[in-house]
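# give me coordinates for this.
(one chain, ligands or ions: 1)
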Amino acid sequence: MRSGLSTISVSHSSESVRFSNLKNLLDFVRNDTLTVLCYHRVGDLNDDRFNGFRPNFSASPEQFTSQMKVLKSLFSPISLRDLLDWYETGHPLPRRSVLVTFDDGYRDNGDVAWPIMRDLKIPGVVFLATDYIGTGKPFLWDFAAYCFEATKHERVDVPLLGETSLSTRSERHKAASAWIEASKRLPAGTRKKLADALGASLEVSPPPEVFARLCLDWSDIRRLAKEGLDFGGHTHTHPILTKLPLSEAQEEIATSHNRLAAELGHSVHAFAYPNGSSQDFSREHEAAVQNAGFSIGFSLEPGPARLDEIRLRPTAVRRIYVGQQDRIARLLVKCAGAARIAYGHDRLLEVRPPSVEPLVTQDCSDPRATDERL
Ligand SMILES: [Zn+2]
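Got it, this is the predicted structure:
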């Protein structure tokens, strides 16, 4: 059935698509590759209430359901255990293997995405930044998004951005994205000062309850693990590792491993690098991942990953970023390898998330400058 499928229809309230000759497109998915998808959040994009930094939503529940149904029809969803068995024992992976992953540890991964996957019997892995689990601490991007939404100022001198107009919702969203992107390029140790300076300039002090339930807590995670969802490390405080001294980066990686193992009560095998581009981690960090006790590490360099590459370098497995604009057709084109081929050359395929107008005054010539990967 799978190999003979040439047409599939996906319909729901917000998306209705019909594709012909998908089999021809998916013939480009080679037998010797693994497709790993990277999601962040799954939720209602049109909800007017504050719910964090909006570009961090990968899909609405309807989009996500459609995507999972297509994966189930056209690919072979595998678990992290299946991948480890292949790596450790050579047990073959099925044709068109796909692994679904999530970064950061948002509550909607468990409340919204996992029930959809569980019903379709699709395994998954959530990579946790352990310092945010059960603590109510906001990620810097969610803190910034709240401050830009809540400020009463319509024009203000914003740290990292300079004089910025905030009179419309669109301007506030663009300013938040630009500020978050600029903040990523600074040393990780400056994040607290940056957050304090932003809150002071915008005259916003978010009440703690705003962020209290954005992320999973440890009791959620133990329950979800019993139901079959896998968990991996994503550092402790989510720094970009190359923005830290090596010893601190090693500590971040080891802390996430040890905390996860202690809370779950079993060994933890997989790690994903924050931000994940080749500039965001090094061979030293890959060694630290293995030294901490992880077997496999995931980047956000575009996939799919070739199995021989994974065999040679299991600590830098490519993944395909999934963003809000990835309707089914584009997602399949990315799965067929277009994102890997077009990387850095063709934004039409949206190999990375939609860019924002560059409001920052410093050098933005780096093509990664508007990359919103978290
Ligand atoms: Zn992340």
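# now Lys174: how far from Glu62?
Between Lys174 and Glu62 the computed distance is 26 Å (CB to CB, to the nearest Å). For the C-beta atoms, the positions are set from N, CA and C on the backbone; glycine is no exception.
# ok, the two, which is more surrounded?
Under the criterion of other CB atoms under 10 Å, the comparison of Lys174 against Glu62 puts Lys174 first, with 19 against 15.
# that one sits in which helix or strand?
helix 169-184 (DSSP states H and E).
# tell me the phi and psi of the residue in the stretch 101-250 of the chain positioned nearest to the ion?
Evaluated by CB to the ion, the stretch 101-250 of the chain has Asp103 as its residue closest to the ion, separated by 4.0 Å. With angles defined as degrees, to the nearest 10, Asp103 sits at phi -110, psi 150.
# tell me the secondary structure of the closest residue to it other than its chain neighbours, please.
Leaving aside its sequence neighbours, Asp103 sits nearest to Phe127 (CB to CB, 6 or more residues apart in numbering; 5.0 Å). Remark: Phe127 carries the secondary structure label strand [criterion: DSSP: H, G, I helix; E, B strand; the rest coil].
# need the contact list for Phe127.
With CB atoms under 8 Å, 6 or more residues apart in numbering as the criterion, the residues that contact Phe127 are 101-105, 231-234, 270-272, 298.
# count the neighbours of the residue in the stretch 201-350 of the chain that the ion sits nearest to for me.
Nearest to the ion, among the residues of the stretch 201-350 of the chain, is Pro274, at 4.8 Å (CB to the ion). The local packing count at Pro274 equals 24, with neighbours defined by other CB under 10 Å.
# what helix or strand is the residue lying closest to it once chain neighbours are set aside on?
Distance criterion CB to CB, 6+ apart; nearest residue to Pro274, sequence neighbours excluded, is His238 at 5.0 Å. Assigned by DSSP H and E, His238 belongs to neither a helix nor a strand.
# hang on, isn't His238 packed against Phe139?
Yes: using CB atoms under 8 Å, His238 and Phe139 qualify as a contacting pair, with a distance of 6.4 Å.
# would you map the helices across the stretch 251-374 of the chain?
283-292, 307-312, 328-335, 338-342 (DSSP state H, counting those that start in this stretch).
# out of those helices, which one sits most buried?
Ranked by average neighbour count under the criterion mean count of other CB atoms under 10 Å, these are headed by helix 328-335 at a mean of 20.
# surely the residue of the stretch 101-250 of the chain closest to the ion touches Ala272?
Yes: counting by CB under 8 Å, Asp103 sits close enough to Ala272 to count as a contact (5.7 Å).
# shared neighbours, these two?
A shared contact of Asp103 and Ala272, defined by CB under 8 Å, 6+ apart, is any residue touching both; here these are Cys38, Phe127, His234.
# let me have those residues in JSON lines, extended by pLDDT and distance to Gly52.
Shown next, in JSON lines, are those (pLDDT from 0 to 100; distance: CB to CB, whole Å):
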{"residue": "Cys38", "pLDDT": "97", "distance to Gly52": "17"}
{"residue": "Phe127", "pLDDT": "98", "distance to Gly52": "17"}
{"residue": "His234", "pLDDT": "98", "distance to Gly52": "16"}
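# and those near the ion, which?
When CB under 5 Å from the ion is applied, no member of the shared contacts of Asp103 and Ala272 is adjacent to the ion.
# of those, closest to Arg340?
Comparing these against Arg340 with CB to CB picks out Cys38 as the nearest, at 13.6 Å.
# from what I can see that closest one touches Arg319, true?
Yes: taking CB under 8 Å as the contact criterion, Cys38 and Arg319 are neighbours in contact, 4.2 Å apart.
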